[in-house]
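Asks: generate a structure from the sequence data that follows.
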Amino acid sequence: MDSIHLRAFVALLLSIPSAFIDAAPPPNIVLVLADDLGYSDAGFNGQHFYETPHIDALARDGMILSDFYSGGPNCAPTRACINTGMYTPRHKLFTPGGRAKGSVQLMRFAVPTKGQDDPLYNTFDSMPNMIDGSHTSIAEVLGNAGYISARFGKWHLGNDLQGFTVSSANGKPGVVGKRFYGDIDVAEKLTDAAVQFIDQNKEKPFFLYVAHWDVHSPLRARKSITAKYKKKLEAYRDDGNWDWNPTYAAMVDAVDTSVGRIRTQIKQSGLDENTLIIFTSDNGGASFATTNRPLHAAKGAFFEGGIRVPTCAVWPAVIKSGSRSDAALTSVDFLPTFAEISGASLPTNQPVDGQSFAKVLQGQTVLQNRSIFWHYPLYLSGADYNKVLPVYGTDKMHWRAVPSSVIRKGDYKLIYYYEYDTYKLFNLRDDLSEKHDIAQEMPQQAKQLHAELMAWVKNTNAPIPSKTNPKFAP
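Replies: A predicted model of the protein is given here:
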């Protein structure tokens with residue numbers, strides 16, 4: 001089947017009921033996930049100092065998903081959302097370690113904190129630090145449809161490999177549970193494994209999940225690439241005040257190089273036309289490492305800088321080159337999307353909170369006015385420009401996150417703070433930087449969104465802190 005006929009066939013396929021999909025050649029699916037790469041770190045979102053030519057080519061040849069969100073403001077919850085298709089209150093993974101982080105005496109509510117047997121801390125047990133192995137994962141869903149699957153890189157969800165045919169933390173056989181933060185060679189090793197996997201599985205549908213350790217701290221990179229950006233910085237000028245870090249730039253470079261090598265292998269294997277490649281990140285950029293401007297705040301916060309992530313997709317048989325969608329999408333949408341395009345059945349043993357964006361990839365104007373949600377029952381201290389929330393009862397800016405729930409619907413986003421028993425409302429289309437709280441100007445809109453948010457909180461049985469912290473001493 002030539003490329004023109006394949007494109008028409010797949011487009012027709014996605015327009016008919018899923019029951020008929022298994023008659024089609026299923027697409028290969030590649031998901032590349034960067035760690036801590038900020039919305040503004042990609043060239044297609046306006047970046048000029050960091051260089052991302054391969055990621056930009058992906059966006060140029062396919063679709064920019066401008067309003068894509070991570071399932072949480074940090075790594076573990078987002079990865080759990082991706083792999084289960086469920087929001088955080090259902091899989092119960094809210095933060096790495098399952099505990100609040102920050103000064104306990106500044107926490108208004110008693111929540112799980114470090115050292116529950118230590119009298120300096122609260123006595124609440126920690127929340128889960130891994131997903132329940134009984135959950136049906138994205139790899140298991142696709143496996144039931146005949147896909148072979150590989151996961152190379154950061155897992156961060158516990159010991160259960162959740163149905164992946166091949167799993168490795170650094171691309172080497174048998175290396176599963178170790179961490180490789182700051183390993184200057186790990187991006188290349190993961191890519192070597194990914195390229196080999198593609199080459200060995202050209203004759204069958206596959207799902208490839210490459211979860212990079214970069215650009216997470218510690219900031220380390222190859223000296224030759226860092227030197228390139230040091231030289232560039234000598235003559236670099238921009239319109240803002242930011243101390244660009246050549247080492248961080250080199251880590252971004254490593255992820256971009258990986259994307260380029262994976263895509264080249266797909267093309268050389270003759271799989272380009274019917275392979276969906278999606279690039280995204282697990283949360284916003286870290287405040288000490290990069291700037292998320294024009295977005296407000298950074299990793300860990302529920303402002304846009306913490307949860308809006310650079311995302312693009314290419315699938316020549318389906319996606320029109322140079323296209324763009326502003327549909328509000330989020331991490332829980334991957335599982336139902338991949339299920340639809342592969343002809344797989346959704347899990348019946350768990351809720352699926354996400355919605356398929358297969359039609360978005362076709363260029364249809366759908367999902368723009370849907371509601372998407374976040375929930376966080378803990379505390380997370382801030383640093384640098386990411387001190388965005390005050391200690392309760394004071395004007396002291398200390399937190400990047402406090403117990404809160406969030407809804408985005410259409411152009412509007414409402415953040416409800418249990419900490420302060422109040423909410424903020426933003427119109428993201430007019431105010432992407434979230435500078436203007438319009439809750440008082442649009443009280444009816446705020447009340448409606450708050451009511452919908454609280455109904456979702458109740459429906460998902462989201463944990464809400466209610467007991468006063470006896471050590472609270474602002």
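Asks: check the gap between Ala439 and Gly410 for me.
Replies: Taking CB to CB, to the nearest Å as the measure, Ala439 falls 16 Å from Gly410. C-betas here are computed from N, CA, C, even on glycine.
Asks: those two - which one has more neighbours?
Replies: Ala439 (18 against 15; other CB atoms under 10 Å).
Asks: list the contacts of Phe94.
Replies: 72, 77, 88, 127, 375-378 (CB atoms under 8 Å, 6 or more residues apart in numbering).
Asks: beyond the longest helix along the chain, next helix or strand please.
Replies: Counting residues, the longest helix in the chain under DSSP state H turns out to be helix 246-268. Using DSSP states H and E, the helix or strand that follows helix 246-268 in sequence is strand 275-281.
Asks: do I have it right that Val32 meets Ile277?
Replies: Yes - between Val32 and Ile277 there is a contact under CB atoms under 8 Å: 7.1 Å.
Asks: now the common contact residues for those two.
Replies: Joint contacts of Val32 and Ile277 (CB under 8 Å, 6+ apart) are Ile262.
Asks: alpha carbons only: can I get stretch 320-337 in CSV?
Replies: Listed next in CSV are the C-alpha coordinates belonging to stretch 320-337 (Å, rounded to 0.1, in the frame of the first residue of the first chain):
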residue,chain,number,x,y,z
LYS,A,320,-1.2,17.2,8.5
SER,A,321,2.2,18.8,8.6
GLY,A,322,2.5,22.3,10.1
SER,A,323,-0.8,21.8,12.0
ARG,A,324,-1.6,23.0,15.5
SER,A,325,-4.3,22.2,18.1
ASP,A,326,-5.2,24.2,21.2
ALA,A,327,-7.4,21.4,22.6
ALA,A,328,-6.9,21.0,26.3
LEU,A,329,-5.2,17.6,26.7
THR,A,330,-3.5,15.8,29.6
SER,A,331,-1.5,12.7,30.5
VAL,A,332,-4.5,10.5,31.2
ASP,A,333,-5.4,10.9,27.5
PHE,A,334,-2.6,8.8,26.2
LEU,A,335,-4.1,5.4,27.2
PRO,A,336,-7.5,5.8,25.5
THR,A,337,-5.8,7.5,22.5
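Asks: now it: average pLDDT?
Replies: Stretch 320-337 shows a mean pLDDT of 98 in the predicted model.
Asks: check the offset of that stretch from the chain's centre.
Replies: Centre-to-centre, stretch 320-337 and its host chain are 12 Å apart (CA atoms, centre = their mean, to the nearest Å).
Asks: stretch 308-318 now?
Replies: 14 Å.
Asks: how is the chain partitioned into domains?
Replies: 3-19+28-90+130-368, 372-459 (automatic domain parsing).
Asks: highest mean neighbour count out of those?
Replies: With neighbours taken as mean count of other CB atoms under 10 Å, the domains of the chain reach their highest mean count in domain 3-19+28-90+130-368, at a mean of 21.
Asks: low-scoring stretches of the stretch 1-150 of the chain, by residue?
Replies: For the stretch 1-150 of the chain, applying pLDDT under 70 flags the ranges 1-24, 115-126.
Asks: go with 90
Replies: Counting by pLDDT under 90, the stretch 1-150 of the chain contains low-confidence residues at 1-25, 97-99, 112-135.
Asks: mind listing the strands for it?
Replies: Along the stretch 1-150 of the chain, counting by DSSP state E, counting those that start in this stretch, strands occupy 28-34, 63-65, 68-69, 148-153.
Asks: would you pull up how far stretch 190-197 lies from the middle of the chain?
Replies: Counting by CA atoms, centre = their mean, stretch 190-197 is centred 22 Å from the centre of its parent chain.
Asks: who are the contact partners of Trp213?
Replies: Trp213 neighbours (CB under 8 Å, 6+ apart): 35, 153-154, 179-183, 186-187.
Asks: for Asn349, give me its contacts.
Replies: Counting by CB under 8 Å, 6+ apart, Asn349 touches 134-136.
Asks: same question but for Leu414, I mixed them up
Replies: By CB under 8 Å, 6+ apart, the contact set of Leu414 is 406-407, 423-426, 439, 446, 449-450, 453.
Asks: swap the cut-off to 7 Å and go again
Replies: 407, 423, 425, 446, 449-450, 453 (CB atoms under 7 Å, 6 or more residues apart in numbering).
Asks: with Leu106 instead?
Replies: Applying CB under 7 Å, 6+ apart, the residues near Leu106 are 391, 398, 474.
Asks: closest one of the residues you listed to Ser103?
Replies: Within the contacts of Leu106, proximity to Ser103 (CB to CB) peaks at His398, which comes in at 7.4 Å.
Asks: could you check the pLDDT of the residue nearest to the closest one when sequence neighbours are not counted?
Replies: For His398, ignoring the flanking residues on the chain, the nearest one in space by CB to CB, 6 or more residues apart in numbering is Val391 at 5.0 Å. We have a pLDDT of 98 for Val391.
Asks: didn't Val391 look like it was pressed against Phe472?
Replies: No - Val391 is beyond contact range of Phe472, at 9.4 Å (criterion: CB atoms under 7 Å).
Asks: any shared contact partners between those two?
Replies: Joint contacts of Val391 and Phe472 (CB under 7 Å, 6+ apart) do not exist.
Asks: quick one: the helices in the stretch 201-350 of the chain?
Replies: 223-235, 246-268, 304-307, 334-342 (DSSP state H, counting those that start in this stretch).
Asks: what is the longest one packed up against?
Replies: Going back to what we said before, that points to helix 246-268. Contact partners of helix 246-268 among helices and strands, from 3 or more CB pairs under 7 Å, 6 or more residues apart in numbering; DSSP states H and E: strand 28-34, helix 53-61, helix 186-200, helix 223-235, strand 275-281.
Asks: what mean pLDDT does that helix have?
Replies: Here helix 246-268 scores 98 as its mean pLDDT.
Asks: using CSV, list the CA coordinates for that helix.
Replies: Only the C-alpha atoms of helix 246-268 are listed here, as CSV (Å, rounded to 0.1, in the frame of the first residue of the first chain):
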residue,chain,number,x,y,z
PRO,A,246,25.4,25.8,29.1
THR,A,247,25.3,22.5,31.0
TYR,A,248,21.5,22.5,31.0
ALA,A,249,21.5,23.4,27.4
ALA,A,250,23.7,20.4,26.6
MET,A,251,21.3,18.2,28.5
VAL,A,252,18.4,19.5,26.3
ASP,A,253,20.7,18.8,23.3
ALA,A,254,21.1,15.2,24.4
VAL,A,255,17.3,14.6,24.5
ASP,A,256,16.9,16.3,21.1
THR,A,257,19.7,14.2,19.6
SER,A,258,17.9,11.1,20.9
VAL,A,259,14.6,12.2,19.2
GLY,A,260,16.5,12.7,15.9
ARG,A,261,18.1,9.2,16.1
ILE,A,262,14.8,7.5,16.9
ARG,A,263,13.0,9.2,14.0
THR,A,264,15.9,8.4,11.6
GLN,A,265,15.7,4.7,12.5
ILE,A,266,11.9,4.8,12.0
LYS,A,267,12.4,6.2,8.5
GLN,A,268,15.3,3.9,7.6
